[in-house]
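>>> the following block contains a protein sequence and its predicted model.
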Amino acid sequence: MVERLPDDQKLTEILKAVSEPRRRELLTLLVQHGPIRVTDLARHFDISLNAVSKHIKILEAAGLVCRRTEWREHLIEPDMGPVGEIDRWFRELRSIWDKRLDGLEDVLSKETDDE
C-alpha cells in the first residue's frame, strides 16, 4: 500500500505544471533572466500572448511563479520554493532504494559467508 502524504496534492500540481515543455521553457527563462514582463516573455515563443498567459496562470497555480504589478506592468518572477517538494519526493525515493539495496547487500554477503 502506498502512503499518501498531506502535501501529495501540491506535488501533483507542480509535476502537472512542469509536464508541458513550453511551461518548462517559460520557467527556465524566468530563472535565467529574473522578473520579466509578460509581453517580453511572450516574444521568446511562437505562440500568442494569450497562450503564454494561460501557461503562466498554470505555473502560478502551482506556485512556481508569482506576478508582481508595477504601475501598469505585470512582471512575472520565478518562485523556486515548490521545487523543494520535488526534491523531497526524490529523496524519499532514494531512501527507499537505499534500504532495498542495503537489504540485497545483506543477503548477498550472507550467501558469501555461507559458502
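Here it is on my side, so go on. Residues are numbered from 1 along each chain as shown.

>>> run through the helices of this protein in chain order.
8-17, 21-33, 38-42, 49-61, 83-114 (DSSP state H).

>>> format the ones you listed as JSON lines; extra columns: mean neighbour count.
C-beta: built from backbone N, CA, C; applies to glycine. Formatted as JSON lines, those follow (neighbours: other CB atoms under 10 Å):
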{"stretch": "helix 8-17", "mean neighbour count": "15"}
{"stretch": "helix 21-33", "mean neighbour count": "16"}
{"stretch": "helix 38-42", "mean neighbour count": "16"}
{"stretch": "helix 49-61", "mean neighbour count": "16"}
{"stretch": "helix 83-114", "mean neighbour count": "11"}
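
>>> for Glu73, find the nearest of the ones you listed.
Closest approach to Glu73 among the helices of the chain is made by helix 38-42 (8.5 Å; CB to CB).

>>> quick one: list the elements packing against the closest one.
helix 21-33, helix 49-61, strand 73-78 (3 or more CB pairs under 8 Å, 6 or more residues apart in numbering; DSSP states H and E).

>>> if we go to 6 Å?
Helices and strands touching helix 38-42, as assessed by 3 or more CB pairs under 6 Å, 6 or more residues apart in numbering; DSSP states H and E, are absent.

>>> just give the nearest non-adjacent residue to Lys10, would you?
Glu85 (5.9 Å; CB to CB, 6 or more residues apart in numbering).

>>> do you know how far the one you found is from His74?
Relative to His74, Glu85 is positioned 26 Å away (criterion: CB to CB, to the nearest Å).

>>> my guess is the residue nearest to Lys10 contacts Leu11. True?
Yes. Contact criterion CB atoms under 6 Å: Glu85 and Leu11 qualify, at 4.9 Å.

>>> do you know how far Trp97 is from Arg88?
Using CB to CB, Trp97 is found at 15 Å from Arg88.

>>> likewise for Val65?
20 Å.

>>> how about Leu104?
25 Å.

>>> same thing with Thr69?
The value you get for Thr69 to Arg88, if CB to CB is used, is 32 Å.
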